[in-house]
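Enquirer: okay, sequence plus prediction incoming.
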Amino acid sequence: MLKLTSPSTIKYIMDKYGFRFSKSLGQNFLIDEQIIDRICDGAEIGPDDDILEIGPGIGVMTQEMAERARKVVAIEIDRALIPVLKETLAEYDNVEVIHADVMNVDLKALIAEKFEGRRPKVVANLPYYITTPIIMMLLEESIPVSDIIVMIQKEVAERISAKPSTKAYGALSVATQYYSEPNIIAKVPRTVFMPQPNVDSVVIRMTIRMEPPVSLENPTLFFKVIKAAFGQRRKTLHNALNAGGFGQSKDQTAEFLRACDIDPSRRGETLTIEEFATLANHIYNHNQNQKN
Ligand code: SAM
């Protein structure tokens, strides 16, 4: 069997299939077996697990996951890699490769069909150019997966797992923590990829919450408040929310905040997810009362 972590195998595949790395598709392939084991260990892949892989590349993680899991479905956008995957995954009868752009796939229908209603784990070394859109699509569209275990750019992982009052805390932190419990499980140097990217990576595990951590009157309004609060980080929450159209006057915006025991001079980045929820629910109830 070809050893896919070996640079000489990758060169052999490139020659045989005329494959060239595409920078625009974020193609940085793993060439380190230990990292692959750490991702699979971190994902706790066992014989009862179903796996949805995004971007299998030449199949280096796919092979290891096929050894450990019940079934792996891998979605790869690059047509040039499809015949390669046919060869590298030939000996596994529990792997299916789908040639598609993950952003254009009806994932709910695909999961229902391929995994017969079971919730797979998403395990992937994600292409950097589209990391956040893929994660947000999985979360916001409530794609029925149990966990998302992905290798992503270090800075994005820090933002996802950031706590209030830190530099990395922002709209992405609150949104992802509303839907999931994130944990960074491994730091990965850039040297384990071919070609080497110019950023470091981490493996993050996001366990999807079955129940949201806060109860919301209106999730759309909650996310609008967050967007406004972080939209202008230098402003106080009072000014940022007022500029975002929350409150008919500055006095009213301040009133909303005080009613929720939030000092109007605080900055958005200091609010916890619970405080954002209290504030959004208060504004929603106020607006409803005005209507009646
Ligand atoms: N899993 C392989 C590995 O670890 O060596 C490859 C990882 S590489 C960082 C990202 C992979 O995602 C590439 O194979 C790339 O072609 C694929 N990809 C990029 N954009 C995609 C998309 N929108 N949908 C599906 N696959 C995509």
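Expert: Arrived safely, thanks for sending. Residues are numbered from 1 along each chain as shown.
Enquirer: who touches Arg38 in this structure?
Expert: Contacts were defined as CB atoms under 8 Å, 6 or more residues apart in numbering; by that measure Arg38 touches Ile185, Ala186, Val203. For the C-beta atoms, the positions are set from N, CA and C on the backbone; glycine is no exception.
Enquirer: just the buried ones from these, in PyMOL syntax?
Expert: Paste this into PyMOL to select the buried members of those, with burial taken from 16 or more other CB atoms under 10 Å:
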select buried, resi 185+186+203
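Enquirer: nearest to Gln34 among the contacts of Arg38?
Expert: Looking at those and their distance to Gln34, the nearest is Ala186, at 9.8 Å (CB to CB).
Enquirer: how about the closest one: what's its closest non-neighbour residue?
Expert: Counting by CB to CB, 6 or more residues apart in numbering, the nearest residue to Ala186 once its immediate chain neighbours are dropped is Val203, at 4.2 Å.
Enquirer: can you list the residues of the chain near the ligand?
Expert: Residues of the chain lying close to the ligand by CB under 6 Å from any ligand atom are 25-30, 54-57, 60-61, 75-78, 81, 101-103, 125, 127, 130.
Enquirer: of the residues you listed, just the buried ones, ChimeraX syntax please.
Expert: Buried residues within those, by 16+ other CB under 10 Å, are selected in ChimeraX with:
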select :25,26,27,28,29,30,54,55,56,57,60,61,75,76,77,78,81,102,125,127,130
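Enquirer: next up, the contacts around the residue of the stretch 51-200 of the chain found nearest the ligand.
Expert: Nearest to the ligand in the stretch 51-200 of the chain, going by CB to the nearest ligand atom, is Gly55, at a distance of 2.0 Å. Taking CB under 8 Å, 6+ apart as the contact definition, Gly55 lies against Gly26, Ala74, Ile75, Glu76, Ile77, Val102, Ala124, Asn125, Leu126, Pro127.
Enquirer: what does the pLDDT read for it?
Expert: Per-residue pLDDT puts Gly55 at 98.
Enquirer: isn't there a helix covering the residue nearest to Ala186?
Expert: No - read with DSSP: H, G, I helix; E, B strand; the rest coil, Val203 is strand and lies in no helix.
Enquirer: gap between Pro127 and Glu217?
Expert: 37 Å (CB to CB, to the nearest Å).
Enquirer: CA atoms of stretch 241-248 as PDB?
Expert: Listed in PDB are the C-alpha atoms of stretch 241-248, where the atom choice follows Å, rounded to 0.1, in the frame of the first residue of the first chain:
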ATOM      1  CA  LEU A 241     -25.700  49.600  20.100                       C
ATOM      2  CA  ASN A 242     -27.100  53.100  19.500                       C
ATOM      3  CA  ALA A 243     -25.200  53.300  16.100                       C
ATOM      4  CA  GLY A 244     -26.700  49.800  15.400                       C
ATOM      5  CA  GLY A 245     -30.200  51.200  15.700                       C
ATOM      6  CA  PHE A 246     -31.100  49.600  19.100                       C
ATOM      7  CA  GLY A 247     -33.100  52.300  20.900                       C
ATOM      8  CA  GLN A 248     -34.800  55.300  19.400                       C
END
